[in-house]
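Q: next input, structure requested:
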Amino acid sequence: MANLKEIRNRITSVSSTMQITSAMKMVSAAKLKKAQDAITAMRPYAEKLTELLQDLSATLEGEIGGDYTTQREVKKVLLVAVTSNRGLCGAFNSNIIKEIKNRTEFYAGKQVDVFAIGKKGGDALIKTHKIHGHHNAIFDNLTFENVAGIADDLTQKFLTGEYDRIELVYNQFKNAATQIVQVEQFLPLAPINTDTAAASGDYIFEPGKEEIVLALIPKSLKTQLYKGIRDSFASEHGARMTAMHKATDNATALRNQLKLTYNKARQAAITSEILEIVGGAEALNG
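A: The predicted model follows:
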């Protein structure tokens, strides 16, 4: 059994760790509320924009979307990995890294590169993939304008033929304890099912449906990327809050166990001292 000093040091160490994890849990909970409100408010807009684009496209004849819908033979694929800049958030980052590797196996025989948004994903995947850009600072000021610049960069990579397909891989926020890994096709635009998409209502379009669709596509792509990063941002804080909550509970249980061990060891030491005193007294009397 460890001596009393060692047990006391462990109790002090575990208590300090518990205070840190508890503080991190509270900080993440505060940040989660703001991030959750942002993604909850944005989802209806993103969904309505996609619905509007599909409704308009469904009423047009022929292939609409120009270069954005060009289906080329897939030889070069770019995977956009959205992770976090910091760890201590459970399996949040590892799930994305694992999915990137799964997608790489899916595209076996083709060139698969990674566009990293978040430091953790870039650091882990640079060992196995070619990394195009490190956009780690985006989370310091997460605005639509900043994300729009990244979306424009991705769009140009497709339009110039540098890549034949671009996919987003991110964690979709469901609740604080659950994040769902999503893989979305970014470019080329997925074909619209005209059987299920139909224009709702009788509208007058100016200057015309084709012009409106071509103007909406870039905005829709920027919104799609922004929603994905916003989802990931909220998921990160939810995952970190959950991880720190579990760490605090584990530290509490370990501290209680150490205190019990300490009390048993102290009681045994006191009993041993009493027996030594009694034995010495009896020896002197004898």
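
Q: only C-alpha atoms from now on, for both contacts and neighbour counts.
A: Fine.

Q: how about residues contacting the lowest-mean-pLDDT helix or strand in the chain?
A: Every helix and strand in the chain was compared by mean pLDDT, DSSP states H and E; the lowest is strand 131-134, with a mean of 82. Around strand 131-134, the neighbours that count as contacts under C-alpha atoms under 8 Å, 6 or more residues apart in numbering are 113, 114, 115, 116, 117, 118, 119, 122, 125.

Q: tell me who's in contact with the residue nearest to residue 176 when sequence neighbours are not counted.
A: Using C-alpha to C-alpha, 6 or more residues apart in numbering and skipping the chain neighbours, the partner closest in space to residue 176 is residue 238 (4.1 Å). The contact partners of residue 238, by C-alpha under 8 Å, 6+ apart, come to 28, 29, 32, 175, 176, 177, 178.

Q: give the PyMOL command for selecting the buried subset of these.
A: If you want just the buried ones from the contacts of residue 238 in PyMOL, going by 16 or more other C-alpha atoms under 10 Å, the selection is:
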select buried, resi 28+29+32+176
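
Q: which one among the contacts of residue 238 gets closest to residue 95?
A: residue 178 (12.2 Å; C-alpha to C-alpha).

Q: one step back: and the contacts of residue 238 as TSV, adding pLDDT, secondary structure and distance to residue 252?
A: Supplementary listing: these in TSV, determined by pLDDT from 0 to 100; DSSP: H, G, I helix; E, B strand; the rest coil; distance: C-alpha to C-alpha, whole Å:
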residue	pLDDT	secondary structure	distance to residue 252
28	94	helix	19
29	94	helix	20
32	94	helix	24
175	90	strand	25
176	88	coil	22
177	89	coil	20
178	92	strand	24
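
Q: can you tell me which of the contacts of residue 238 is nearest residue 104?
A: Compare each of the contacts of residue 238 with residue 104 using C-alpha to C-alpha and the shortest gap goes to residue 178, at 24.9 Å.

Q: so who does that closest one touch?
A: Contact criterion C-alpha under 8 Å, 6+ apart gives 235, 238, 239 as the residues in contact with residue 178.

Q: what's the closest of these to residue 130?
A: Of all the contacts of residue 178, residue 235 has the smallest distance to residue 130: 26.0 Å, by C-alpha to C-alpha.
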